[in-house]
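Here's a sequence, model it:
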Amino acid sequence: MKKKFFAVLIVLCLALTMTTACGKLTGGPSQPASAPANNAEDDNATVSFTDSAGRVVEIPKNITRIAPSGSMAQIVLFALAPDMFVGLSSKWAPAAEEYLDTKYYNLPVLGQLYGSSDLNLEELAKVNPQLIIDVGEPKSTIVEDMDGLSKQVGIPAVHITATTETMGDAYRMLGKLLGREKEAEVLAQYSEEIKQNTDEIMKKVGENGKANLLYCLGDNGLNVLAKGSFHAEILDQISNNVAVVKDISSKGSGNPVDLEQILLWNPDVIVFAPDSIYSTVGQDRSWQEIKAIKNGRYYEVPLGPYNWMGFPPSVNRYMGMIWITQLLYPEQAHYDLYKETARYYDLFYHCKLTEAQYKALVANSILRS
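Next comes the predicted model:
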């Protein structure tokens, strides 16, 4: 026991001396959640909480240790309570390391309830969260899924419905759940502000003023986010998404097409996903007849820690709304993009973004001078 105590003490001391690329966290304890000392009275006190699925769940009164059920829950909760995390649903992408404190980057990976469906119950038991939180659009089986998970692991699980339209209410609900109402209100108001700003910008643009746009992804750039698909929700609002297909894919990888089809659509603007063909398409002769490439109106979505346009389709979309409206409609959208990016990264990643980091983020993503 003495060896274990001194080992933990050393780790804590080291963590307190560490610095991060983006600076210190702006709020909350300096350490992520860990297994608590024995305090039976605090752990046994419970309250009733009604989640978005209408389930009345008995949860601990004082919550300090949580586990996200998936990638959407991870990004939403990280903004509000990173210090409560005992694990991650999925490992952060390498692009995240520059923006996150190391102590959060290296948390154990627990897996996901949905998506890859690789939730590791053994690992979950090891880190001993007080609560599992699911955030996002509810599945038709959400009640059965949450009840089943709680029964299987002996840990309460709750679902909070959150969409681009309802994220403000979702944060307010999470604030009450976790005792972070003041912090949650800031995030709620931000989400509502950016959504409202986007709506107002698009009213000024009008349907006839929308840019003809195509979102391309994949190793060869020949997958597209189809109009009407879940992942194209923001694209469809802010542009005339030319990718009209018969069988719309619900997958994040989009619909496969051929170059002939892209030439038929002939978009004015192409947005390439990160790790697609942005860096080579300008020299690829087979793409040169496409209007967007010919006129130099093609861009790469910024990445870090997440794709700004919605992978996963969560609060990162708000940063995407700011970027894409400023890019496409500079006469209607009047953002200081560096200022807005720094604001977002402070709120959602607890990161003091430097101007150099900002320039690297948008190097392939803004109008060419």
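
For stretch 258-275, the averaged confidence score.
In this model, stretch 258-275 has a mean pLDDT of 98.

Stretch 302-310 too?
Rounded mean pLDDT across stretch 302-310 is 93.

can I get the CA coordinates of that stretch in CSV?
C-alpha atoms of stretch 302-310 as CSV (Å, rounded to 0.1, in the frame of the first residue of the first chain):
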residue,chain,number,x,y,z
PRO,A,302,-9.8,22.6,-40.8
LEU,A,303,-9.0,19.7,-38.4
GLY,A,304,-8.0,19.8,-34.8
PRO,A,305,-9.0,18.3,-32.5
TYR,A,306,-12.0,17.6,-34.7
ASN,A,307,-13.2,18.2,-38.3
TRP,A,308,-15.0,21.5,-38.1
MET,A,309,-17.8,20.4,-40.4
GLY,A,310,-19.0,17.6,-38.2
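
Can you list phi and psi of Val281 for me?
Dihedral angles phi and psi of Val281 (degrees, to the nearest 10) take the values phi -60, psi -30.

buried residues in stretch 133-140?
Residues of stretch 133-140 classed as buried: 133-136, 138 (neighbour count, 16 or more other Cβ atoms under 10 Å). Yep, even glycine has a C-beta here, placed from its N, CA and C like the rest.

same deal with stretch 333-353?
Of the residues in stretch 333-353, 333, 335, 337, 340-342, 344-345, 347-353 count as buried by neighbour count, 16+ other Cβ under 10 Å.

ok, and what's touching stretch 176-185?
27, 49, 59, 62-63, 66, 80-81, 84, 131, 133, 158, 160, 171-172, 174-175 (Cβ atoms under 8 Å, 6 or more residues apart in numbering).

Just the buried ones from those?
Those of the contacts of stretch 176-185 that meet the buried threshold are 49, 59, 63, 66, 80-81, 84, 131, 133, 158, 160, 171-172, 174-175, by 16+ other Cβ under 10 Å.

and which of those residues is nearest to Ala363?
Ranked by distance to Ala363 (Cβ to Cβ), the buried ones among the contacts of stretch 176-185 are led by Leu80 at 30.3 Å.

which intervals of this structure have sub-threshold pLDDT?
1-43, 115-116, 368-369 (pLDDT under 70).

Could you list the domains of it?
Structural domains assigned to the chain are 2-191, 206-361, following automatic domain parsing.

Pipe the ones you listed into JSON lines and attach distance to Thr198 per row.
Listed next are the domains of the chain as JSON lines, based on distance: least, Cβ to Cβ, whole Å:
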{"stretch": "domain 2-191", "distance to Thr198": "9"}
{"stretch": "domain 206-361", "distance to Thr198": "4"}
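
between these, which gets nearest to Glu200?
That would be domain 206-361 among the domains of the chain, by Cβ to Cβ, at 8.7 Å.

ends of the closest one, how far apart?
29 Å (Cα to Cα, to the nearest Å).

Quick check: what element follows the longest helix along the chain along the chain?
When the chain is parsed with DSSP state H, its longest helix is helix 181-205. The element immediately downstream of helix 181-205 (helix or strand, assigned by DSSP states H and E) is strand 212-217.

Okay, now the sheet partners of that following strand, with direction.
strand 223-224 (antiparallel), strand 240-241 (parallel), strand 269-272 (parallel) (DSSP bridges).

just to revisit the earlier point, from the middle of its chain, how far away would the longest helix of the chain be?
Distance, stretch centre to chain centre, for helix 181-205: 16 Å (Cα atoms, centre = their mean, to the nearest Å).

now swap in stretch 276-283 and tell me
Worked out by Cα atoms, centre = their mean, stretch 276-283 lies 26 Å from the chain centre.

Tell me the secondary structure of Ile63, please.
Using DSSP: H, G, I helix; E, B strand; the rest coil, the structure places Ile63 in coil.
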